[in-house]
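Undergrad: Give the three-dimensional model of this entry:
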Amino acid sequence: MAPQTSPDADGAYRRYLDAVGLYGLAVSDVAGLHATDWYALSILAMAGSLTPGELAERTNLTTGATTRLIDRLEKGGHVRRVQHPTDRRSVLVKPTNKLNIDTLVGPARSHIGNVLDRYNAEEQAILFDYFTHAAPAFHQAAAEIRRTRDTRNTRGS
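TA: Residues are numbered from 1 along each chain as shown. Modelled structure (predicted):
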């Protein structure tokens, strides 16, 4: 169910989403990476390391696309494959910290920090609760969009 909103709320929301998307494209460009590669590297930096399957799940990519992504990141010196410590048949993908991700996301952190300063602690708690719950909702929506695309492509073949 969609929440009741003011007439311009949809426009504000779309401008927000577009701005976040534009920021992601700008950071990936400055980092010299494709947007998907940047996204995967950011996920790896937060996680520390992931198996290729976990990375595929978190990026919502196929296993084949994830293998090619890891190959590109490894060739660029951004990640390395290491033996899994508890499963000899598996590897972990670890970021090399070639890029200083904190520096790259610093401008957004600073500007958004200025926006957050407009709110008191209770309001900030609500905003961060939103961020916490919105991220999985966006992941779910992305998966639904891809399933729709995949279904359309399967029928068109």
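
Undergrad: Which parts of the protein are helices?
TA: 9-31, 35-47, 52-59, 63-75, 101-116, 121-156 (DSSP state H).

Undergrad: Turn the ones you listed into TSV, columns for mean neighbour count.
TA: In short, each C-beta sits where N, CA and C put it, glycine included. As requested, these are exported to TSV (neighbours: other CB atoms under 10 Å):
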stretch	mean neighbour count
helix 9-31	13
helix 35-47	19
helix 52-59	18
helix 63-75	16
helix 101-116	12
helix 121-156	10
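
Undergrad: Tell me which of those approaches Gln83 most closely.
TA: Of all the helices of the chain, it is helix 52-59 that lies closest to Gln83, at 13.1 Å by CB to CB.

Undergrad: contact partners of that closest one?
TA: With contact meaning CB atoms under 8 Å, 6 or more residues apart in numbering, helix 52-59 is reached by 36, 39-40, 43-44, 47, 50, 61-63, 65-67, 69-70, 91, 93.

Undergrad: Distance from it to the middle of the chain?
TA: Relative to its chain's centre, helix 52-59 lies at 11 Å (CA atoms, centre = their mean, to the nearest Å).

Undergrad: got the CA positions of it in CSV?
TA: Output of helix 52-59 as CSV, limited to C-alpha atoms (Å, rounded to 0.1, in the frame of the first residue of the first chain):
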residue,chain,number,x,y,z
PRO,A,52,31.5,-15.2,-4.8
GLY,A,53,28.0,-16.6,-4.1
GLU,A,54,27.4,-14.1,-1.3
LEU,A,55,28.6,-11.3,-3.6
ALA,A,56,26.3,-12.5,-6.4
GLU,A,57,23.4,-12.6,-4.0
ARG,A,58,24.1,-9.1,-2.6
THR,A,59,24.6,-7.6,-6.1
